[in-house]
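Peer 1: With the sequence up front, the predicted model follows.
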Amino acid sequence: MKRAILAGLSLAVLTTSAARAETRMFSYDPISPDAKRLTGAGVTILFNQGLLGGARPIKVLATGVPAQALLKAGREKDLGPGGLKAMDGVDADAALFEVDPKAAQGKIYLRAFCPGSTRLWLSFSAIAVRRDLRIQAFGDDPKADGKARLCGTLDFSYRGEWRLPKNRMPDPMEDWTNEPNHPSPD
C-alpha cells in the first residue's frame, strides 16, 4: 500500500514538473566567421526550460530579420553510421534537432546553412543564462552514401533574455518587444 502511494506521488510530481516547463527566449550575438556570415545580427532561440534544468530548443529566429526555423527532434542515425560521434570536428555530446523545411522559413535556413542539401540538422551546446552557445549545422550529402556533412560551426556570445508575450508564443512578424506590460491578444 505504501509503495502504491509513493508511486502515485512520484508520478504526480513528475507530471506537475513536465507541466511547469517554462518557455524562454535567449538572444545571441555572432562571434565566429560562420555565425557572422550565416546569421548577420545573430540568433534568438525559443526553448522549453525543464523544471530540472534541461533546455529543448523549439525555434531558431534570425535576430535582425523576421525569419524562423521550427525544430523537431533529430535522430543521429540519419547523419550516417555513428552519428555525431563518427564526424571529425563535431561536438559529439551536443543535442541534435532537425529543421522542419515545411514550416515557417525552414527552406530558407536549409538553403542558407547547407546549400545543395535537402535536410538540415542543428546541434546545440547547452542553453543556459549567460553562457555562450555553439550551433553546428549539418546537411545531407547526396554524394556521400547517406552520410551527412558539417556545413558550419556557429559560435555565439550570450546577449540576453527576452520577455515573452503573456500567455502566447511570440510572432516574429509582429513587434511586441516595445510593450513593457506585454501586449494583449484580446
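Peer 2: Done, it's in. Residues are numbered from 1 along each chain as shown.

Peer 1: center of the protein, which residue is that?
Peer 2: The chain has residue 57 as the residue nearest its centroid, 3.3 Å off, counting by CA atoms, centre = their mean.

Peer 1: Can you list the low-confidence ranges for this protein?
Peer 2: Within the chain, the stretches with pLDDT under 70 are 1-20, 52-53, 166-186.

Peer 1: where exactly do the strands run in it?
Peer 2: Assigned by DSSP state E, the chain shows strands spanning 22-30, 43-49, 55-62, 68-73, 95-99, 120-124, 133-140, 148-162.

Peer 1: picking that back up, next one: the spatially closest residue to the residue nearest to the centre of the chain that is not a sequence neighbour from residue 34, what distance?
Peer 2: Nearest in space to residue 57, with sequence neighbours left out and distances taken as CB to CB, 6 or more residues apart in numbering, is residue 47 at 4.6 Å. From N, CA and C alone the C-beta is placed, and that goes for glycine too. Applying CB to CB, to the nearest Å, the value for residue 47 to residue 34 is 21 Å.

Peer 1: Those two: who's more crowded?
Peer 2: When residue 47 is set against residue 34 and neighbours are counted by other CB atoms under 10 Å, the residue ahead is residue 47, at 21 against 17.

Peer 1: wait, isn't that one in contact with residue 54?
Peer 2: No. No contact is recorded between residue 47 and residue 54 when judged using CB atoms under 8 Å, the distance being 9.6 Å.

Peer 1: Let me know which of the strands of the chain is tucked in deepest.
Peer 2: Mean neighbour count, computed with mean count of other CB atoms under 10 Å, is highest for strand 120-124 among those, reaching a mean of 25.

Peer 1: Give me the angle between it and strand 133-140.
Peer 2: 160 degrees (axes from the mean of the first three to the mean of the last three CA atoms, to 10 degrees).
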